[in-house]
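> Build me a structure from this.
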Amino acid sequence: MERHSIELALPEADAVAALAAAAEEWGAEWTPDRGGGRLAMPVVFGLRRGVLVGRIEVLRSGAGVRLDWRLEESHLELHRASVAVLTLAAVALVGTTAWPFHPPLLAFVPFAAVLGLLTWWLVVSRLRNSGPEDFLATVAAAGAAPD
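Here you go, the predicted structure:
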């Protein structure tokens, strides 16, 4: 079971307001209820993207509150276009490694090298991650920002 938490030096009402502001910024669906609420947030994990649905509990802790997020549902899928580009490049690169056994393939090595660099530029260098920890960091920043 996946859990994440963050401590905020804010009153409970301000923490819930910061949570709602962060949810709006992320394009997440925040449904408050007693003691917390349900959050459906869009996430990106490299080549996977989708929505994580979880429960956030707002607990009093010392001089502030603690937000606990617990995963309930996960709806992730592969970014198919990126996978297709990576597969095409991998086929070209692996195919050209056979040039010592079939010398005419040596003419395609520069093409495969350029294709590999382009693939790096188009797909691999642009991979991002944004998940629950990043969302909670956004909540902390929204709570620390002056009104």
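
> Low-confidence ranges, this structure, go.
1, 145-147 (pLDDT under 70).

> Got the domain ranges for it?
3-78+127-144, 80-124 (automatic domain parsing).

> Would you format those domains as TSV with mean neighbour count included?
Every C-beta, even on glycine, is put in place using the N, C-alpha and C of the backbone. Formatted as TSV, the domains of the chain follow (neighbours: other CB atoms under 10 Å):
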stretch	mean neighbour count
domain 3-78+127-144	16
domain 80-124	13
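
> Show me where this structure has its helices.
Remark: helices assigned in the chain by DSSP state H are 12-26, 80-96, 109-122, 132-144.

> wait, which of those helices is closest to Gly54?
helix 132-144 (7.2 Å; CB to CB).

> which stretch among the helices of the chain comes nearest Val65?
That would be helix 12-26 among the helices of the chain, by CB to CB, at 4.6 Å.

> Now do that closest one: distance to the chain's middle.
When distances are taken as CA atoms, centre = their mean, to the nearest Å, helix 12-26 is centred 19 Å away from the chain's centroid.

> swap in stretch 105-123?
Using CA atoms, centre = their mean, the offset of stretch 105-123 from its chain centre is 28 Å.

> Show me the contact partners of it.
Applying CB atoms under 8 Å, 6 or more residues apart in numbering, the contact partners of stretch 105-123 are Ser82, Val85, Leu86, Leu88, Ala89, Ala92, Leu93, Gly95, Thr96, Ala98, Trp99.

> so can I have CSV of those residues showing distance to Val58?
Below are those laid out as CSV (distance: CB to CB, whole Å):
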residue, distance to Val58
Ser82, 37
Val85, 43
Leu86, 42
Leu88, 48
Ala89, 47
Ala92, 52
Leu93, 51
Gly95, 56
Thr96, 57
Ala98, 60
Trp99, 62
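
> Among the residues you listed, which pair sits farthest apart?
Within the contacts of stretch 105-123, two members stand farthest from each other by CB to CB: Ser82 and Trp99, at 27.4 Å.
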